[in-house]
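> when you get a sec, could you give me coordinates for this:
(chains A and B)
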Amino acid sequence: MILVVLENQRGKIHSFSKEAITAGQKFAKQFNTTLNILCLGENADSLKEEASAFSCDSIIIAKHNLIDTYTSDGFAKSLSDIIFDKKPKFTIMGHTYMARDFLPRVSVKQDIPFIGDLTSVDFKGEKIIFSKQVFNAKFLTNIEMDSSVESAILSFQSAAFSSGNIEIGSPKEIEIFDLVLKDSDVRITSEEAFKETSSDVDLSSANFIVTVGRGIENEENIPMMERFVNTVGAELGSSRPVVDMGILPKSRLVGSSGHTVSPDLYLAVGLSGAIQHVVAMKGSKKIMGINTDRDAPIFEIADYAVIGDLFEIIPEITKKMSNS
Amino acid sequence: MKIAVLTKAIPKVKSLKIDSSETWIDDSDVQYVMNEHDTYALEEAILTKEKLNNNSEVIAITMGPRNRSNQIMQEALAKGADSGIIIENDNKITDPLAFAKIFAEQIKDQKFDLIMCGLASYDLGSGQTSVLIGELLGMTTATFAIGTEIGENYIKVKKELESGYSQWIKMSLPASISIQSGLNNPRYTSIKNVMNAKNKKVIIKKVEQEVVTMQGFTKFFVPQNEKQTEFIEGNVDVISDKIISIFKEDLKLIK
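Numbering: from 1, shown residues only, chains lettered A, B, ... in the order given. As a prediction, this is how the structure comes out:
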């Protein structure tokens, strides 16, 4: 069997989980086996309602008062027990913060591999070839499992599978799984999640975004960028390293922990294109990069690759456009 | 309190090439540095020790080939780690669980109260090590820490969630925590501290157990371009004219 684990995101199925269902449907066909969708812990019932629209063999509901709120130890114990009982060939999740937080624990508990952050899978006869990015997205690597592996956990990077390809249908059955948890299984308590920044910056509705990366070097170069965005009528965005260095506020962050954007033009200036950044902007209609490094990963998804020094090009455009 | 910082020597990312085996980078002429996320973990560990202001110690631990491990160990000691452990290992282990099992086996006798390490390494980037080791050693675990507050028998961790959300959690010790970048300002060190570091104790351990892997890297390749990319090159005058023309004519972003 194939087991897809849904993640609750403020009462709804996480978008990565829908992609995981698409993946699960494909795996179930490939291995001629059943697809089972797991609604685990918090909001399991509303996840089940939403998941009932998709083609699968069963929906498994696993609830317990100790996992009404997510904790890494509570979820790891629960999923581990379910995998032990059901023996799925593959357990699949989207590669979310939550997946990264607790799936490694399940991997240890069941002594099975967690093959994470995958960008694709290729079925070659008996062989299954996964791939993921390494060296900060410079390269991809194929990953293979040892032939003795009978069960593995997978997490797929956003857009490895499209939720648009999800097969509509309904579950053949609904199953309740009885979790047995003790108080001592959960040693973590969580407070309510909150939003850090009062969002004075609305990047999601901007049609032209200019984002600066590490290449900006220091905050003394920000006025140059501000003159540029004012002249061309764009919003200024920031990459993670620039926020970390305190050069721009987190409210301008484009990335998995900040804004997800899809403007008409996304101009990435002095920015390499790490995966955490790319997942949040690759939906942009056109992408332009300015970088001195011809091999910068950002160019792999760019429509326009400008090879040059941002400190020459940016002021020159500002000057020419101010004069015209 | 006994605090471990796990750190890793990683290649500087610029101008890397794939080696002839096609399963690793050509590291014959590569410079190694401390993994950037680990510099924040080291700083957070030192700040935690300073807050506790008692008999706490920070022990830096790294696993890898001797030379590069020595180099980053000296950096960790110069910045404020009290002592170090180098787990010598020349095998390229690309199975996160196999790697973590070796690591956990080598440090389990130390009975750490707290383990901190970077969220992920820039080379393999599995981001699993701190959680795997935590589970193997029976600890609580948390990832994406953007703030920590140490208590008597617990630690509070502010976790980064997706889409701009954060959350505080409270976890019992011992705990293993992966640290997100930007939560502190890693300190610089002085020549004096660099010299002092040479006198600090470093234990060298060797991996003797058999490495059993269940997954591994089989072939590196350069990502294929997903799009028809137009390259724009030349002098700054040519480039800027071309970009302005794209803004105005092609995309009609500016009138």
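> nearest spatial neighbour of the closest residue to chain B within the stretch 101-250 of chain A, skipping sequence neighbours?
Residue nearest to chain B within the stretch 101-250 of chain A: residue A:244 (3.3 Å; CB to the nearest CB). In short, each C-beta sits where N, CA and C put it, glycine included. Once flanking residues are discounted, residue A:244 sits nearest to residue B:182: 3.3 Å by CB to CB, 6 or more residues apart in numbering or on different chains.
> in what helix or strand does the one you found lie?
Using DSSP states H and E, residue B:182 falls within no helix or strand.
> per-residue pLDDT, it?
Residue B:182 carries a pLDDT value of 91.
> coming back round to it: next, count neighbours for the residue of the stretch 101-250 of chain A closest to chain B.
Using other CB atoms under 10 Å in any protein chain shown, the number of residues around residue A:244 comes to 20.
> I would like the residues contacting stretch B:232-251, please.
With contact meaning CB atoms under 8 Å, 6 or more residues apart in numbering or on different chains, stretch B:232-251 is reached by A:232, A:264-265, A:286, A:288, A:304-309, A:312-313, A:316-317, A:320-321, B:253-255.
> from chain B, how far off is the spatially closest residue to residue A:8 that is not a sequence neighbour?
Spatial nearest neighbour of residue A:8, chain neighbours left out: residue A:43 (4.3 Å); criterion: CB to CB, 6+ apart. Going from residue A:43 to chain B by CB to the nearest CB, to the nearest Å gives 15 Å.
> from what I can see residue A:73 touches residue A:183, true?
No - counting by CB atoms under 8 Å, residue A:73 stays clear of residue A:183, with 11.5 Å between them.
> of the two, which one has the most company?
When neighbours are counted by other CB under 10 Å, residue A:73 and residue A:183 differ, and residue A:73 comes out ahead with 24 against 7.
> contacts only, for the more buried one.
So residue A:73 contacts A:102, A:105, A:185, A:186, A:187, A:188, B:140, B:141 (CB under 8 Å, 6+ apart).
> please enumerate the helices of the chain.
If you meant another chain, say so; for now it's chain A. Counting by DSSP state H, chain A has helices at residues A:15-30, A:44-51, A:72-86, A:97-110, A:222-232, A:240-244, A:275-278, A:310-323.
> look at chain B instead
Under DSSP H, chain B gives helices at B:36-52, B:66-79, B:96-107, B:129-136, B:191-197, B:236-245.
> picking that back up, could you check how far the residue of the stretch 101-250 of chain A closest to chain B is from residue A:173?
Distance, residue A:244 to residue A:173, using CB to CB, to the nearest Å: 49 Å.
> now chain B against chain A: closest residue?
residue B:182 (3.3 Å).
> that residue against residue A:240, yeah?
Yes - applying CB under 8 Å, one finds residue B:182 in contact with residue A:240, separated by 7.4 Å.
> these two - which one has more neighbours?
A direct count of neighbours by other CB under 10 Å for residue B:182 and residue A:240 places residue A:240 higher, at 23 against 20.
> list the contacts of the closest residue to residue A:15 other than its chain neighbours.
Distances taken as CB to CB, 6+ apart put residue A:163 closest to residue A:15, at 6.5 Å, once the chain neighbours are dropped. Neighbouring residues of residue A:163 by CB under 8 Å, 6+ apart: A:15, A:18, A:19, A:21, A:22.
> for these, which one is nearest residue B:47?
Closest approach between the contacts of residue A:163 and residue B:47, by CB to CB: residue A:15, at 36.3 Å.
> what's the local residue count around residue 208?
No chain specified, so I'll use chain A. Residue A:208, neighbours per other CB under 10 Å, totals 20.
> I was after chain B.
Neighbours of residue B:208 under the rule other CB under 10 Å: 8.
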